[in-house]
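> Mind looking at a prediction? Sequence and model below.
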Amino acid sequence: MTAPRVALVHERFTEYGGSEAVVAEFLRTWPGAAVFAPIVSTAGYGALAAQCGVGQLDSIQDSWLSRAHAVLGARAHAPLLPFVPRALRRLPLAGRFDAVVVSHHAFATQAVFATDAPVVAYVHSPARWAWDDAFRAQEAGGRAGQLALAGLGRVARRAELRAAPRLTRVIANSHAVAERVREWWGLSAAVVNPPVRIDRFTPDAGLPRENFFLFAGRLVPYKRADLAIKAAQRAGRRLVVLGEGRHRPYLESIAGPETTFLGAASDAVLLDCYRRCRALLMPGVEDFGIVPVEAMACGTPVLAVGAGGALDTVLPGATGEYLAAGEDELVVTGLARRMREFDSAAYDSVAIRAHATTFSPAAFRARLADAVARTLDRERDPRG
């Protein structure tokens, strides 16, 4: 049987993060796929090419927005977002492909209007800043930012709702995201958890656990590093914070002497911290959350709010524990208590590592390829 002609659509390649890692696995799943994105920067292209090989990306197709992005500056994609839906609707997809697979954060499903082929949407999340007022207020900053994001949110909501009925299939990256798709779009979604490079993160049985807890991630409001810092103060326990972001000055202003900021870390430093910490702290609600799976791949337990992606990744009593989700004070109180009472020796690092392997890239590729193949089979024979 001839391999399907597949197009891959992503909203922008301006950096390399979790969603770009998913696209890299798309390319490993369909090596001959064409790649489309309205905004592509030199740095974003280079980071993806380093993961996939330049040959995979020779035919990447962008739009005039890439040139505008280059003029505005390396990280200045926000002013261009209102133009992204139209650029996606004008992609040259019609009549060329058997299937289109989109990587969706806010606008990528607009590609459904550019093709007559089946469209499978892999949804990292519907645009939370468009649908969730509390999330938008947390992320936007001041009054001007909230007004701007509210306006863009109206555009994103209309775009998502317009595209949703035309999608052939929706795949969510976690059960929490599938629930958002059901609530906000009125659609059901299969769940295929994203890939985690567990081969890069392994235990070291000869390295003893040290007396500190770890927070790792971008220092932005929704990650809730502030709750980890407050819990460490209340518990009188050491906390190491890995990561950079616009929230760092505020976090440093509220931190006590028990908290150490190490800034952006290499994989080697991150691996060392995963291996030596008593537990990873995950006080924010993630769509999925790759960091806790990396930690578990090192045999490290995770203390996570029992909501969002943690419900897919953390097994309470086996690979970590859930904290009650709710108001900030409830989370801080629960986390501080867990930190005071925590005993790493109560967890089997081998079993934790074994659980993490279920999120391997190979497992992701197999599940994704099967989901798309089944979709195409149904399109060919609706009776099946």
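That came through, no problem.

> rest of the way, CA atoms for contacts and neighbours
Noted.

> Below-threshold pLDDT in the stretch 51-200 of the chain: ranges please.
Within the stretch 51-200 of the chain, the stretches with pLDDT under 70 are 53-59, 74-76, 139-145.

> now the helices for it?
For the stretch 51-200 of the chain, helices defined by DSSP state H, counting those that start in this stretch occupy the ranges 64-72, 84-89, 128-131, 133-140, 143-163, 175-180.

> how much space between residue 23 and residue 36?
11 Å (Cα to Cα, to the nearest Å).

> neighbour-wise, which of these two wins?
Using other Cα atoms under 10 Å, the more surrounded residue of residue 23 and residue 36 is residue 36, with 26 against 21.

> can you tell which of the helices of the stretch 51-200 of the chain is closest to residue 219?
Nearest to residue 219, of all the helices of the stretch 51-200 of the chain, is helix 133-140, at 11.6 Å by Cα to Cα.

> related to what we said a few turns ago, overlap in contacts of residue 23 and residue 36?
Shared contacts of residue 23 and residue 36 (Cα atoms under 8 Å, 6 or more residues apart in numbering): 8, 10.

> if we can go back for a sec, list just the one of the helices of the stretch 51-200 of the chain that sits closest to residue 357.
Residue 357 lies closest to helix 175-180 among the helices of the stretch 51-200 of the chain, at 18.8 Å (Cα to Cα).

> With distance to residue 19 and mean neighbour count added, can I get the helices of the stretch 51-200 of the chain in CSV?
Below are these laid out as CSV (distance: least, Cα to Cα, whole Å; neighbours: other Cα atoms under 10 Å):
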stretch, distance to residue 19, mean neighbour count
helix 64-72, 19, 16
helix 84-89, 17, 20
helix 128-131, 15, 20
helix 133-140, 19, 15
helix 143-163, 18, 16
helix 175-180, 14, 22
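
> can the ones you listed go into CSV with extra columns for distance to residue 264?
Shown next, in CSV, are those (distance: least, Cα to Cα, whole Å):
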stretch, distance to residue 264
helix 64-72, 24
helix 84-89, 30
helix 128-131, 25
helix 133-140, 21
helix 143-163, 26
helix 175-180, 28
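
> Which one of those helices lies nearest to residue 241?
Among the helices of the stretch 51-200 of the chain, if distance is taken as Cα to Cα, the winner is helix 133-140, at 20.0 Å.

> just the CA coordinates of the closest one, formatted as CSV?
The C-alpha coordinates for helix 133-140 follow below in CSV (Å, rounded to 0.1, in the frame of the first residue of the first chain):
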residue,chain,number,x,y,z
ASP,A,133,-10.7,34.4,32.0
ALA,A,134,-8.6,33.6,35.1
PHE,A,135,-5.8,32.3,32.9
ARG,A,136,-5.8,35.3,30.7
ALA,A,137,-5.7,37.7,33.7
GLN,A,138,-2.8,35.8,35.1
GLU,A,139,-0.8,35.9,31.9
ALA,A,140,-1.6,39.3,30.5
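
> ok now it, how far from the chain's centre?
Relative to its parent chain, helix 133-140 has a centroid offset of 18 Å by Cα atoms, centre = their mean, to the nearest Å.

> Can you name every helix or strand that that helix contacts?
Judged by 3 or more Cα pairs under 8 Å, 6 or more residues apart in numbering; DSSP states H and E, helix 133-140 is in contact with helix 128-131, helix 143-163.

> The last one vs helix 133-140, what angle?
If I follow you right, that is helix 143-163. 130 degrees (axes from the mean of the first three to the mean of the last three Cα atoms, to 10 degrees).

> what's the domain layout of the protein?
What automatic domain parsing lists as the domains of the chain is 6-195+361-380, 199-358.

> check contacts around residue 152.
Going by Cα under 8 Å, 6+ apart, residue 152 touches 82, 130.

> What of residue 130?
Contacts for residue 130 were tallied using Cα under 8 Å, 6+ apart; they are 136, 149-150, 152-154, 156-157.

> Please tabulate the helices and strands packed on helix 133-140 in JSON lines and include distance to residue 344 as additional columns.
Shown next, in JSON lines, are those (distance: least, Cα to Cα, whole Å):
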{"stretch": "helix 128-131", "distance to residue 344": "35"}
{"stretch": "helix 143-163", "distance to residue 344": "42"}
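
> Which one of these lies nearest to residue 175?
Residue 175 lies closest, by Cα to Cα, to one member of the helices and strands packed on helix 133-140: helix 128-131, at 15.1 Å.
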